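Q: my questions are about this predicted structure, shown below with the sequence.
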Amino acid sequence: MKPTSFILNVNDRGLAPTAEFCKLPLYGIYIIFDDKKIIRIGECSSGASRLKKGFRGPLRKVHRGKDKKNYNAYSWRENYRGKPVRIDYFELIDTRFKDNHFRRALEAEITFQFRIAHKSWPTEMSEIHFLERYRTNELLIEAACVILRH
């Protein structure tokens, strides 16, 4: 499992995607880096579509006449405007990864192993969801090892 890697700029409207980025396979794990650290680890069931929506959704909204920060999982991108980020996307081919819980378990395991190795969480992670029943699954362990070796 080799990642598809992209370096994209975060601009005022989100990411400036390339044509290749827009054709990512549906199921995958992504890791977002800046030049010094891992920013975020996530899972996808819609290829680039979820990433593009996350990067393009409004960061602020007016609610009852007041400007408020719009909560969404990608609000961290405000800290990276005008900067390039690298995205490594690992396609998950096995049909068992179509299951949301299974993909989320893989995301959590990779994030947790990163935490153990580096003694810190990715800088923009706000939560992970452990699903203990999958921690000993051979496919999940194998996929996590391949991604972590990268």
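A: Yes, it's here.

Q: every contact and neighbour count from this point should use C-alpha atoms.
A: Will do.

Q: export the helix or strand containing residue 139 to CSV, keeping only CA atoms.
A: Assigned by DSSP states H and E, residue 139 belongs to helix 138-149. Coordinates of each C-alpha in helix 138-149 appear next as CSV, following Å, rounded to 0.1, in the frame of the first residue of the first chain:
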residue,chain,number,x,y,z
GLU,A,138,-5.2,-9.0,11.6
LEU,A,139,-6.2,-6.9,8.6
LEU,A,140,-6.4,-3.8,10.8
ILE,A,141,-3.0,-4.5,12.3
GLU,A,142,-1.4,-5.2,9.0
ALA,A,143,-2.9,-2.0,7.4
ALA,A,144,-1.7,0.1,10.4
CYS,A,145,1.8,-1.3,10.2
VAL,A,146,2.1,-0.5,6.5
ILE,A,147,0.9,3.1,7.0
LEU,A,148,3.0,3.6,10.0
ARG,A,149,6.1,2.3,8.2
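
Q: what residues sit buried inside it?
A: 139, 140, 143, 144, 147 (16 or more other Cα atoms under 10 Å).

Q: for stretch 95-102, same thing?
A: Across stretch 95-102, burial judged by 16+ other Cα under 10 Å covers 97, 98, 102.

Q: bridged to the spatially most central residue of the chain, which residues?
A: Geometric centre of the chain, nearest residue: residue 42, 2.9 Å, by Cα atoms, centre = their mean. As for beta bridges, residue 42 partners with residue 30 under DSSP bridges.

Q: please apply the same query to residue 90.
A: Going by DSSP bridges, residue 90 forms beta bridges with residue 29.

Q: can you list contacts of the helix holding residue 139?
A: 1, 90, 102, 105, 106, 109, 110, 114, 134, 135 (Cα atoms under 8 Å, 6 or more residues apart in numbering).

Q: can you flag the buried ones in those residues?
A: 90, 102, 105, 106, 109, 110, 114, 134, 135.

Q: of those, closest to residue 65?
A: Comparing the buried ones among the contacts of helix 138-149 against residue 65 with Cα to Cα picks out residue 105 as the nearest, at 40.4 Å.

Q: so for the strand or helix carrying that closest one, mean pLDDT?
A: Using DSSP H and E, residue 105 sits in helix 100-118. Confidence for helix 100-118, expressed as mean pLDDT, is 90.
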